[in-house]
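In: When you get a sec, could you give me coordinates for this:
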Amino acid sequence: MLGKPGYGLFTEAAVNAVPLLYLRRVDWLEERYLIAWLQRHGCCLEVSSEAIERGALVAALRALWAQSSRPPLPSNGAQQVVKIVATMLADKQNSAT
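Out: Numbering: from 1, shown residues only. Below is the predicted model of the structure:
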């Protein structure tokens, strides 16, 4: 996959164990944190805009594919939210009685 750092793209890449080439978004303050997170949980590699413009991605792709693969992250965010909300509602109900 090729893209720029973003919550959706980075989490989808990690959850689905898809290697990602990314182009930096220098104007976005959260970028460095997302990149560090994906480096820990997925396979990613920075690519320059010049390499993209020239279509020179072979070396970057080879380096990306040579990285150790990591298992996909669990996709259980919905269950986590349900558990948190259920706990909050139960606590509220218990405090009202």
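In: Do a quick rundown of the strands in the chain.
Out: 2-3, 20-22, 44-46 (DSSP state E).
In: and the last one, which strands flank it?
Out: What that stands for is strand 44-46. Here strand 44-46 has these sheet partners by DSSP bridges: strand 20-22 (parallel).
In: before we move on, back to that, most packed of the strands of the chain?
Out: Per-stretch averages of neighbours, counted by mean count of other Cβ atoms under 10 Å, single out strand 20-22 among the strands of the chain, with a mean of 20. In this view, the C-beta of every residue, glycine as well, is placed from N, C-alpha and C.
In: What's the mean pLDDT across it?
Out: Strand 20-22 carries an average pLDDT of 97.
In: Show me the helices in the chain, by range?
Out: 7-15, 31-41, 49-54, 58-66, 77-96 (DSSP state H).
In: mind saving the C-alpha coords of stretch 57-69 as CSV?
Out: Below are the C-alpha coordinates for stretch 57-69, written out as CSV (Å, rounded to 0.1, in the frame of the first residue of the first chain):
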residue,chain,number,x,y,z
LEU,A,57,9.7,2.5,-6.0
VAL,A,58,11.4,-0.9,-6.7
ALA,A,59,14.2,-0.4,-4.1
ALA,A,60,11.8,0.9,-1.5
LEU,A,61,9.4,-2.0,-2.1
ARG,A,62,12.2,-4.6,-1.8
ALA,A,63,13.3,-3.0,1.5
LEU,A,64,9.7,-2.9,2.8
TRP,A,65,9.1,-6.6,1.8
ALA,A,66,12.4,-7.6,3.4
GLN,A,67,11.2,-6.4,6.8
SER,A,68,10.1,-9.0,9.4
SER,A,69,6.4,-9.5,9.1
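In: Perfect, that will be all.
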